[in-house]
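Enquirer: My questions are about this predicted structure, shown below with the sequence.
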Amino acid sequence: MRSSELTKAKVLKEATALFNTKGYKSTSLSDITEATGLTKGAIYRHFESKESLEIEAFQKMMQAIFLALNEKIKAENNTRDKLFCVLNLFQSYITNPFIIGGCPLLNVAVEVDDTNLELKQKAQQALAVFRDSVEKIIINGKTHKQVRNLVNEKLVATILISTLEGGVMMSKLQNSNADIEIVVNHLKNWIVSDILL
């Protein structure tokens, strides 16, 4: 890597950690300069604005999560285990987070408003990708006679994602895995009893 690429990567790494732990609005450019040891000018050589850095940091986090999750899902041979990969990822957010600070999608969704429409759109796109991935697992499960034909994949994806995100929020707020473990166990039972053949 060239020096400018290394500098950009360093800024992105530090900003990502700050945004996902401290929050997008609460993280100042001064926080980023302090974490990187760089000047504001050096940061602005690589990012047009704080907002563009926020977007790139969010996209970096989501790409890393989707890549890791897709690899785990592809390694599994059946619908049950593929869906359990999703559940297990969320269960790990509190005690063994893939990305420090918890779920970046949840963090952005809670914080974003109409002041940063582009970040909000990126979060909506990430949610759509996530939802589509879960729906695809269900559709493929139907094709391979592992999922009941009457199961509505959109309903499953919505319930799964919203319940998991709520469990992460509750566990994070209480600094305990108890709620996400209850949610994951409930969803596993639901998948086995109501979704799978």
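Expert: Received the coordinates, thanks. Residues are numbered from 1 along each chain as shown.
Enquirer: what ranges do the helices span in the chain?
Expert: Listed in chain order, the helices found in the chain under DSSP state H are 3-22, 29-36, 40-44, 50-75, 79-95, 104-111, 117-143, 153-174, 178-190.
Enquirer: how far off helix 3-22 does the second one point, in degrees?
Expert: Read it as helix 29-36. 120 degrees (axes from the mean of the first three to the mean of the last three C-alpha atoms, to 10 degrees).
Enquirer: Pull out the buried residues from helix 29-36.
Expert: Residues 32-33, 35-36 are the ones in helix 29-36 that count as buried (16 or more other C-beta atoms under 10 Å). From N, CA and C alone the C-beta is placed, and that goes for glycine too.
Enquirer: Mean pLDDT and distance to Leu196 for the helices of the chain - can I get that in CSV?
Expert: Formatted as CSV, the helices of the chain follow (pLDDT from 0 to 100; distance: least, C-beta to C-beta, whole Å):
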stretch, mean pLDDT, distance to Leu196
helix 3-22, 94, 34
helix 29-36, 96, 46
helix 40-44, 94, 50
helix 50-75, 96, 16
helix 79-95, 93, 6
helix 104-111, 93, 26
helix 117-143, 97, 7
helix 153-174, 96, 11
helix 178-190, 97, 10
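Enquirer: now these in a markdown table, with distance to Leu197?
Expert: Output for the helices of the chain, formatted as a markdown table (distance: least, C-beta to C-beta, whole Å):
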| stretch | distance to Leu197 |
| --- | --- |
| helix 3-22 | 39 |
| helix 29-36 | 51 |
| helix 40-44 | 54 |
| helix 50-75 | 19 |
| helix 79-95 | 9 |
| helix 104-111 | 31 |
| helix 117-143 | 9 |
| helix 153-174 | 14 |
| helix 178-190 | 14 |
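Enquirer: Fine, thanks again, bye for now.
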